[in-house]
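Enquirer: What follows is a predicted structure for the sequence shown.
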Amino acid sequence: MTKLPVRMARWSAGHPWRAIAGWFLFVALCLGAGIGVGTNAATADDFRVGEAGRGEALATEGGLQQKPTERVLITAKPGAQQLDPGAADAAAREVVDRMRALPEVLSVAAPVRSADGTAVRVDVTMKGAELEGKEHVDPLLAQTAKVRAGHPGLLIAETGGPSISKDVQGQRGEDLSRTELIALPITLITLLIVFRSAAMATVPLLLALSSIAASIGLSMLVSHVFPDAGVGTNVILLIGLAVGVDYALFYLKREREERARSDGRLDSRALVELAAATSGHAVVVSGLAVAASSATLFLADDVIFSSIATGAIVVSLVAVLGSLTVLPALLVKLGARAERRAARRAERANRRGEVAAAKPPRTTGAGRITSAMLRVTSRRPGATLAVAVLAMLAMTAPLADLKLTDIGRETYSRDLPAMETWHRQNQAFPELKSMHQVVVRAEAGRADEVAGALRELEQRAQADPSLSRVTELRTSPDRRITMLELRVPHFVSAATAQDSLDRVRDEYVPATVGRLSGVDVAVTGDVARYADYPEHQKGKLPLIVVTLLLVTFVITVFAFRSVVLGLVGVVLNLLSAGAALGLLVLTFQGTWAEGLLDFDSTGSIGSRVPLFLFVILFGLSMDYQVFVISRIREAALRGVSTRQAVLDGIGSSAGVVTSAAFVMVTVFASFIGLHLIEMKQFGFSLAVAVLLDAFVIRIMILPATMLLLGEKTWWPSIGTRRTREQAPAADARTTEKVG
């Protein structure tokens, strides 16, 4: 694998303009092809899981599936004593007339007045699939605005799944734009500090942004195999900026080190080849690790995780390709320019009869803080390991109270117009908060028998205080599918709603339609989907985590020919992920950080967050793992003792790891400012995990562990052991100072 990066770097260095032009042509073709083909968006069928998903499939089979529905709410304006019934009825009739004339509308229900008389609503059912409603809701919103303008004495607003989805999508886009405005300048400033050169600092950003552009195009093509759930672009932005900058940073820093070490004896092409043989190899292994780790998400059997996996795999591999092709070419051009400047300085100095002062090579070792931490680790590895591990376990402890739930609609920001109306609607019509749907499939001739059993279930539900008395029984045109809808006057996240689901499934159904033979019964609806999705994730989590551990172990063993390092890598990644999840639980399941991070606690963690964190963190951790251990192994292969190799390798790579970690943490932390609480949790957990991984795992726990293991670290690597045995005895007495 080492030869491939060198061969590619050699060609790119020899033909820099071809490599640069070829890369940007590749990016343009990917983006153009993606835009030309378009995105294959996931449908409602792709999101189905558990019994709720089975119930939705039955309802769809009979044409009884949920349709995109908008509701126009008519209330008195703030400050008015009460709603004028006549004015409200007139406005409602105008809404009905205007909506029925729209081609996007399937049907309009008669106006409904709330029990307390404070509101009137008009339900509008749209044509098409439920998830497509947001694409066609603008004409409905326009008609609502016209009615509002014609009745200035009333408060008239529209809400519903389509308008809420449209508002959330717009808010997410604004949030992501804001995070880019934060992350990109901070990343650029960090790179300027690292390289002290605007040109060199621009290269990593150029690689990251071009990789993101190409990956977005490729992900559109791949979506025709793995449908996009709407999160693919977010993942590409999140992961692409982090790994793109990381890979370029590893490569650039190594080229600079080799340039300083050669003291002008090697030209840019030779320096690029040296960097490719070392950091280039590490980048390839890291990229494959991110891709392989992300691929385990396909085991979740969930369209959202498939989209996440697709985005992460595509962007990591594209970033690797860019680091092996365009990056060496850019380095050669920048190096040649630096060499020309140095030659001109020397020529001017010669004309003046002076000797050009050579710039002292910049140190690439550890900084003061890192050096101090390494000194403590090297002197007392056992104590350092014990303290650091205990600290990580203490941070992991809150994980015992982890509560996973799906994120309900009620957590969306009230700043959104559709959400503000949605909350007022639910206050006036509490039966609209959520629902249960009991779906039964049987032979057409048994439709009356099924309906009778569902009527019996309806009577039992009428006596349940946690359920509304509002119900509806519908039968498909072919009479094979019958569905009873039970309204629930509680949000899906409320314990009362969850308890009512348990009673419907465990008591009411078995006692009624459950007694019928030869029928297929399932309970679906808002509450069921909210309950079944986390259970689905919990069921898949063990398989994915075990597979992830195995993948991490195999990649590490393959890269370093050491079973011991493979086991160490697995344990360290578990420590890092566990601590990050523990801090996530401590922060978001409680209320103490609500004001600090601007969120309203749901008392739970989004069901997708732990799995996402485990997989993405395991992949990203391999960046540091591969880079740091590669440096240590290089020193070991030169014949120095494992102890000195550890100290030299950690010391020489600490500056790069710290800089890369700062960039990653900045990118991930910028997601904490998003309105969606699940995105806040994603950003927080990843930022904390990378911070712990870079500063605790790689500077304290990893070196302490390797120092204690000594030569056993490399077992059973024969090549390293032979090098150890052939090393001169003098190398074993190399000074053990750090920093």
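Expert: Yes, it's here.

Enquirer: Please verify my assumption that residue 220 contacts residue 213.
Expert: No - using Cβ atoms under 8 Å, residue 220 is not in contact with residue 213; the gap is 11.7 Å. C-betas here are computed from N, CA, C, even on glycine.

Enquirer: The two: which is more packed in?
Expert: Using other Cβ atoms under 10 Å, the more surrounded residue of residue 220 and residue 213 is residue 220, with 22 against 19.

Enquirer: Quickly find the element holding the more buried one.
Expert: helix 198-222 (DSSP states H and E).

Enquirer: Over that helix, what's the mean pLDDT, rounded is fine.
Expert: When pLDDT is averaged along helix 198-222, the result is 91.

Enquirer: before we move on, what about stretch 540-559?
Expert: Here stretch 540-559 scores 90 as its mean pLDDT.

Enquirer: now the helices for the stretch 1-150 of the chain?
Expert: Along the stretch 1-150 of the chain, the segments classed as helices by DSSP state H, counting those that start in this stretch run 3-14, 16-37, 50-61, 85-100, 138-150.

Enquirer: for the ones you listed, which one ends up most surrounded?
Expert: Burial of those is given as mean neighbour count (mean count of other Cβ atoms under 10 Å); helix 50-61 ranks first at a mean of 21.

Enquirer: If you count contacts, what does that helix end up packed against?
Expert: strand 434-441, strand 481-488, strand 520-524, helix 526-560 (3 or more Cβ pairs under 8 Å, 6 or more residues apart in numbering; DSSP states H and E).

Enquirer: show me the contacts for the residue nearest the centre of the chain.
Expert: With distances taken as Cα atoms, centre = their mean, residue 235 lies nearest the centre of the chain, 5.0 Å away. Listed by Cβ atoms under 8 Å, 6 or more residues apart in numbering, the contact set of residue 235 reads 307-308, 311-312, 315.

Enquirer: Over to residue 683?
Expert: 668-672, 674.

Enquirer: Show me what secondary structure element comes after the one helix or strand it maps to.
Expert: Element membership for residue 683 (DSSP H and E) is helix 677-692. Next helix or strand after helix 677-692 toward the C-terminus (DSSP H and E): helix 702-709.

Enquirer: Helices along the stretch 501-650 of the chain, start to end?
Expert: With DSSP H, counting those that start in this stretch applied, the stretch 501-650 of the chain shows helices at 509-511, 526-560, 563-588, 594-597, 609-637, 642-669, listed in chain order.

Enquirer: State the pLDDT value of the nearest residue to residue 489 once chain neighbours are set aside.
Expert: In this structure, residue 489 finds its nearest non-sequential neighbour in residue 430, 3.9 Å apart by Cβ to Cβ, 6 or more residues apart in numbering. With respect to pLDDT, residue 430 has a value of 94.

Enquirer: what helix or strand is the residue nearest to the centre of the chain on?
Expert: If you go by DSSP H and E, residue 235 is part of helix 232-262.

Enquirer: Show me which positions of that helix end up buried.
Expert: For helix 232-262, the neighbour count (16 or more other Cβ atoms under 10 Å) marks 232-259 as buried.

Enquirer: That helix to helix 198-222, inter-axis angle?
Expert: On the basis of axes from the mean of the first three to the mean of the last three Cα atoms, to 10 degrees, helix 232-262 is oriented at 140 degrees to helix 198-222.

Enquirer: What's the first helix or strand after helix 232-262?
Expert: The helix or strand immediately downstream of helix 232-262 is helix 268-275, counting by DSSP H and E.

Enquirer: Is there a neighbour count for the nearest residue to residue 243 once chain neighbours are set aside? I'd like the number.
Expert: What sits nearest to residue 243 in space, not counting adjacent residues and going by Cβ to Cβ, 6+ apart, is residue 319, at 5.0 Å. When neighbours are counted by other Cβ under 10 Å, residue 319 registers 32.

Enquirer: do residue 629 as well
Expert: Number of residues near residue 629 (other Cβ under 10 Å) recorded here: 27.

Enquirer: what sits against it?
Expert: Residue 629 touches 559-560, 565, 649, counting by Cβ under 8 Å, 6+ apart.

Enquirer: what's the answer for residue 172, then?
Expert: Counting by Cβ under 8 Å, 6+ apart, residue 172 has contacts 234, 674-676, 679.

Enquirer: Dump the residues you listed to JSON lines, plus distance to residue 635.
Expert: As requested, these are exported to JSON lines (distance: Cβ to Cβ, whole Å):
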{"residue": "234", "distance to residue 635": "40"}
{"residue": "674", "distance to residue 635": "43"}
{"residue": "675", "distance to residue 635": "48"}
{"residue": "676", "distance to residue 635": "46"}
{"residue": "679", "distance to residue 635": "41"}
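
Enquirer: Which two of these have the greatest separation?
Expert: Maximum pairwise distance among the contacts of residue 172 (Cβ to Cβ): 13.4 Å, between 234 and 675.

Enquirer: Residue 155 in helix, strand or coil?
Expert: Of the three states, residue 155 takes strand according to DSSP: H, G, I helix; E, B strand; the rest coil.

Enquirer: and residue 554, how many neighbours?
Expert: Neighbours of residue 554 using other Cβ under 10 Å come to 13.

Enquirer: Ok, residue 322 next?
Expert: Using other Cβ under 10 Å, residue 322 has 24 other residues around it.

Enquirer: In what element of secondary structure is it found?
Expert: helix 303-324.

Enquirer: Relative to the whole chain's centre, how far out is stretch 102-116?
Expert: Remark: stretch 102-116 is offset 38 Å from the chain centroid, using Cα atoms, centre = their mean, to the nearest Å.

Enquirer: next one: stretch 315-322
Expert: So, by Cα atoms, centre = their mean, the centroid of stretch 315-322 is 18 Å from its chain's centroid.
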